[in-house]
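Novice: The sequence isn't on hand, but the structure is:
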């Protein structure tokens with residue numbers, strides 16, 4: 001009866017034991033959080049090793065002794081043994097981190113070395129490892145005596161990119177500029193900074209602003225630029241007038257092969273600035289008047305007798321406005337018989353009279369029109385068209 005009970009109990013309550021490692025086919029795959037790293041990245045590593053989950057009730061660790069060590073290494077430097085700890089009780093998954101510390105290099109071109117290369121630590125999050133520009137990091141785990149599993153990931157520099165958030169901005173808007181350069185994530189546990197040069201057609205010297213990393217270890221940097229039309233560039237405020245191109249420039253000093261470590265490259269982007277005032281409200285174009293050669297206003301017009309077409313414009317904006325004032329005359333058949341223009345600049349809150357002489361060659365009804373444009377090459381109407389009807393005798 002006792003024998004029957006023991007046998008029955010074995011069926012009802014099966015016994016559990018830790019799996020025995022298969023030394024011929026070790027199952028301990030190694031994973032990293034990225035397929036490729038740059039020279040100052042943080043590498044997050046995991047090893048799936050259920051055979052090394054020796055205590056179901058405790059957080060186990062592996063690799064921290066010389067019997068079955070884990071080694072994290074580059075060609076010239078290594079951390080061994082390096083301890084990995086279990087991610088949770090009874091998970092059988094072990095993790096660790098190592099921060100790459102690069103090599104001595106001036107990463108932003110200011111003449112100062114920006115890195116602190118060093119190799120130290122024994123895990124799981126205390127490791128620092130020196131690495132070159134074009135290298136690799138290898139993680140190896142001695143699963144059992146003479147049985148080693150490995151995983152390698154490349155380390156290399158990248159070419160940075162720069163871009164404005166938009167192609168066009170208005171004078172009252174904020175322009176955001178974004179730089180992506182993983183190589184400038186020099187400290188993966190804090191926000192890094194890098195210098196950025198912005199300029200405009202109106203201020204070619206421009207100013208240097210500080211682009212700040214958007215989050216720890218992102219390698220993405222952002223800077224906000226504001227615009228001024230009546231004060232010099234300062235801080236994050238750039239002097240630029242409507243119609244200007246806006247330029248952003250970043251010097252990349254961490255270029256991959258075939259560049260050398262002493263090479264650098266300008267990375268640029270361009271956007272356009274326009275006025276926040278609607279185009280046809282920027283200049284007030286007053287009613288057309290007519291005068292004789294002495295400036296006396298006239299209302300009767302004779303063939304072959306010189307007259308002055310007189311216009312007046314005013315600029316209510318708080319910045320100077322380039323303009324082209326165009327005079328056009330059409331006869332009774334709608335044929336254009338005269339076109340002329342005046343180019344200039346009207347200061348903030350300034351009024352300006354403009355005039356052009358014309359000698360009528362035919363009698364009859366004529367239409368005189370005036371236009372105010374931003375330029376002849378890139379015409380934008382700055383005011384509605386003015387027109388006046390006259391009769392030439």
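Specialist: Done, it's in. The shown structure was predicted, so the numbers you read here are calculated from the model rather than taken from an experiment. Numbering: from 1, shown residues only.

Novice: Need the pLDDT of residue 15.
Specialist: With respect to pLDDT, residue 15 scores 34.

Novice: no, scratch that, I was asking about residue 4
Specialist: Residue 4 is given a pLDDT of 39.

Novice: and if you look at residue 42?
Specialist: 97.

Novice: That one: neighbouring residues, count only.
Specialist: 19 (other CB atoms under 10 Å). Any C-beta I mention is one placed from the backbone N, CA and C, and that applies to glycine too.

Novice: And it, how close does it get to residue 98?
Specialist: Taking CB to CB, to the nearest Å as the measure, residue 42 falls 7 Å from residue 98.

Novice: quick one: the helices in the stretch 1-150 of the chain?
Specialist: 2-12 (DSSP state H, counting those that start in this stretch).

Novice: Where does the prediction get shaky in it?
Specialist: 1-27 (pLDDT under 70).

Novice: That one: strands as residue ranges?
Specialist: Along the stretch 1-150 of the chain, counting by DSSP state E, counting those that start in this stretch, strands occupy 30-32, 42-48, 61-62, 70-73, 78-79, 84-86, 93-100, 127-129, 135-144, 147-155.

Novice: tell me which strands and helices the third one is in contact with?
Specialist: In terms of contacts (3 or more CB pairs under 8 Å, 6 or more residues apart in numbering; DSSP states H and E), strand 61-62 is packed against strand 84-86.

Novice: The strand it packs on: partners in the sheet, and parallel or antiparallel?
Specialist: Strand 84-86 pairs in its sheet with strand 61-62 (antiparallel), strand 93-100 (antiparallel), by DSSP bridges.

Novice: Identify all contacting residues around the first one.
Specialist: Okay, so that is strand 61-62. 47, 49, 52, 68, 70, 83, 84, 85, 86, 94, 124, 141 (CB atoms under 8 Å, 6 or more residues apart in numbering).

Novice: nearest to residue 221, of those residues?
Specialist: residue 124 (29.9 Å; CB to CB).

Novice: Could you report the distance from that closest one to residue 85?
Specialist: Applying CB to CB to residue 124 and residue 85 gives a distance of 5 Å.

Novice: who has more neighbours, these two?
Specialist: residue 124 (21 against 16).

Novice: Verify the stated contact: the more buried one with residue 87.
Specialist: No - with contacts counted by CB atoms under 8 Å, residue 124 stays clear of residue 87, the gap being 10.3 Å.

Novice: Now for the two: what residues contact both?
Specialist: By CB under 8 Å, 6+ apart, the residues touching both residue 124 and residue 87 are residue 95.

Novice: before we move on, the earlier item: Serialize the contacts of strand 61-62 to TSV and add fields for distance to residue 356.
Specialist: Formatted as TSV, those follow (distance: CB to CB, whole Å):
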residue	distance to residue 356
47	85
49	89
52	93
68	94
70	86
83	87
84	85
85	86
86	88
94	86
124	83
141	87
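
Novice: List just the nearest of these to residue 165.
Specialist: Distances from residue 165 to the contacts of strand 61-62, taken by CB to CB, are shortest for residue 124, at 39.7 Å.

Novice: beta partners of the closest residue to the closest one other than its chain neighbours?
Specialist: Among residues not flanking residue 124 along the chain, residue 96 sits closest, at 4.0 Å (CB to CB, 6 or more residues apart in numbering). Judged by DSSP bridges, the bridge partners of residue 96 are residue 45.

Novice: likewise residue 389?
Specialist: Bridge pairing for residue 389 - DSSP bridges - gives residue 367.

Novice: Need the residues that contact stretch 348-361.
Specialist: 230, 291, 293, 301-320, 325, 327, 329, 337-338, 340, 342, 344, 346, 366, 392.

Novice: Let me know the average pLDDT across that stretch.
Specialist: Stretch 348-361 comes out at a mean pLDDT of 94.

Novice: Counting neighbours, show which residues of that stretch come out buried.
Specialist: By neighbour count on 16 or more other CB atoms under 10 Å, the buried set for stretch 348-361 is 352, 354, 355, 356, 358, 360.

Novice: and of these, the nearest to residue 258?
Specialist: Of these, the one sitting nearest to residue 258 (CB to CB) turns out to be residue 352, at 57.8 Å.

Novice: Residue 226 versus that closest one, what's the distance?
Specialist: 29 Å.

Novice: Show the end-to-end separation of stretch 283-298, please.
Specialist: End-to-end distance of stretch 283-298 (CA to CA, to the nearest Å): 26 Å.

Novice: Can you list the buried residues in it?
Specialist: 283, 285, 288, 289, 290.

Novice: ok, these vs residue 120, which is closest?
Specialist: residue 283 (68.1 Å).

Novice: does that closest one have beta-bridge partners, and which?
Specialist: residue 315.

Novice: Which members of the buried residues of stretch 348-361 are positioned in helices?
Specialist: Among the buried residues of stretch 348-361, no member falls in helices (DSSP state H).

Novice: Looking at these, spot the one nearest residue 196.
Specialist: Looking across those and measuring by CB to CB, the closest to residue 196 is residue 352, at 38.7 Å.

Novice: so how far is residue 326 from that closest one?
Specialist: In terms of CB to CB, residue 352 sits 15 Å off from residue 326.

Novice: what about the closest residue in space to residue 165 that isn't next to it in sequence, which helix or strand?
Specialist: Distances taken as CB to CB, 6+ apart place residue 176 nearest to residue 165, at 4.2 Å, with adjacent residues excluded. Assigned by DSSP states H and E, residue 176 belongs to strand 175-180.

Novice: packing partners for the following helix or strand past that strand?
Specialist: The helix or strand immediately downstream of strand 175-180 is strand 193-200, counting by DSSP H and E. Under the contact definition 3+ CB pairs under 8 Å, 6+ apart, strand 193-200 sits against strand 175-180, strand 207-213, strand 220-228, strand 237-239, strand 245-252.
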